[in-house]
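Trainee: I would like to see how this sequence folds:
(one chain, ligands or ions: 1)
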Amino acid sequence: MVMDKSYPVTLLQDYNLEEWARCSYKFYNSRILNRHPDVLNWRQMVQYAVNHVIHDGYALPAEQRTPEHIEHLIAKRWKIRPSLFPSAYHEKLIRRTVTEQLIRYFTGHRQSGPLLFLFESYTVRVEELGVELSMIVQVAEWSQKSFVIRKLFVDSDPDVISCFQHVATLFCYKAFGKLPESIEALSLLTGQTVETCPTAERDVAGAIHYVRTMMERFEHSMYTPRLFSQTECHSCPFQETCTSVPPTRRMADGTFIRVS
Ligand code: SF4
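Mentor: This next block holds a predicted model:
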């Protein structure tokens, strides 16, 4: 879809780019037209809790990042309205999965390099695009050759992960004049890590192209609904006008099934 209006961009924020990559139709309605701007879904609230747990976990000495301590941190930070989840069973499943993955993460990274950044926000100028680009670096660690950028997602959407990796590539190149040894996106829902090892010649140009394309689509309001997703669509306030939502029936556990 293309609207008449255009929205010149001067500042790109990583979290807005990721939301745009997740579903540009939802982003356009929520953030640009300001319809239901405050509606949060369980994924966003779990991510919020997880970010606090990561922060608290790194504040502990490495030897104290035990399963018991991580579970305690999750119990402290999990303040999510149960009604945001499709069902009580779903909440239990998500909480158990996220807990297992965070324990695995903290116990598996005890020997990692020293922290470089933890939830630090920076803004850089990207002359090629004529914009400022800001990024919140969730975790960055020194590595043997240089440094590693890492993000733990309550998500497994490949478009969002690709967006993060492109933005991180461009951001690091502009901020530090140097690329990280690797950029890792860990899904706390699947346990999978998608790793990329960018090189200046190939990947910086690719990242500029990627961000430019997103920017142009945004500026000209070229938005499209995503493919139907149980995670995102079940609580989306724009279902009624969204062409991506097939005829569905809500089941007792809160999930949807197609009816045609
Ligand atoms: S229902 Fe799904 S595809 Fe449609 S706008 Fe909402 S999140 Fe996007």
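Trainee: so which strand or helix has the nearest residue in space to Tyr25 that is not next to it in sequence?
Mentor: Counting by C-beta to C-beta, 6 or more residues apart in numbering, the nearest residue to Tyr25 once its immediate chain neighbours are dropped is Pro225, at 4.1 Å. Bear in mind the C-beta positions are built from the backbone N, C-alpha and C, glycine included. Counting by DSSP states H and E, no helix or strand carries Pro225.
Trainee: Can you give me the neighbour number for Pro225?
Mentor: Around Pro225 there are 21 other residues, counting by other C-beta atoms under 10 Å.
Trainee: Against His52, how distant is it?
Mentor: 31 Å (C-beta to C-beta, to the nearest Å).
Trainee: Ok, Tyr173 next?
Mentor: For Tyr173, the distance to His52 - C-beta to C-beta - is 30 Å.
Trainee: which of the two has more neighbours?
Mentor: Tyr173 (20 against 16).
Trainee: residue contacts, the nearest residue to Arg65 once chain neighbours are set aside?
Mentor: The shortest distance from Arg65 to any non-neighbouring residue, by C-beta to C-beta, 6+ apart, is to Phe106 (4.1 Å). Phe106 is in contact with 57, 65, 70, counting by C-beta atoms under 8 Å, 6 or more residues apart in numbering.
Trainee: Ramachandran coordinates for the residue nearest to Tyr25?
Mentor: Here is the backbone geometry of Pro225 (degrees, to the nearest 10): phi -70, psi 150.
Trainee: pretty sure it contacts Thr243?
Mentor: Yes - in this structure, Pro225 is within contact of Thr243 by C-beta atoms under 8 Å, at 5.9 Å.
Trainee: name the element Val53 belongs to?
Mentor: Per DSSP H and E: helix 42-59 holds Val53.
Trainee: ignore the last one, Phe171
Mentor: Per DSSP H and E: helix 158-176 holds Phe171.
Trainee: May I see the buried residues of that helix?
Mentor: For helix 158-176, the neighbour count (16 or more other C-beta atoms under 10 Å) marks 159-174 as buried.
Trainee: how about stretch 196-215: buried residues?
Mentor: 196, 198, 203-204, 207-208, 210-211, 214-215.
Trainee: next one: phi and psi at Glu132?
Mentor: According to degrees, to the nearest 10, Glu132 has phi -90, psi 140.
Trainee: That one: neighbouring residues, count only.
Mentor: 15.
Trainee: Correct me if wrong: it contacts Phe171.
Mentor: No - look at Glu132 against Phe171 with C-beta under 8 Å: they stay out of range, at 10.9 Å.
Trainee: Find residues that contact each of these two.
Mentor: Val124.
Trainee: which parts of the stretch 101-250 of the chain sit against the ligand?
Mentor: 225-226, 232-233, 236, 238-239, 242, 244-245 (C-beta under 6 Å from any ligand atom).
Trainee: Could you dump those into TSV and include secondary structure and pLDDT?
Mentor: Shown next, in TSV, are those (DSSP: H, G, I helix; E, B strand; the rest coil; pLDDT from 0 to 100):
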residue	secondary structure	pLDDT
Pro225	coil	70
Arg226	coil	72
Glu232	helix	81
Cys233	helix	81
Cys236	coil	86
Phe238	coil	87
Gln239	helix	81
Cys242	coil	81
Ser244	coil	69
Val245	coil	61
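Trainee: what's the most distant pair in these?
Mentor: Arg226 and Gln239 (12.4 Å; C-beta to C-beta).
Trainee: Tell me how far Leu12 lies from the ligand.
Mentor: 21 Å (C-beta to the nearest ligand atom, to the nearest Å).
Trainee: Would you agree that residue falls within a strand?
Mentor: Yes - using DSSP: H, G, I helix; E, B strand; the rest coil, the assignment for Leu12 is a strand.
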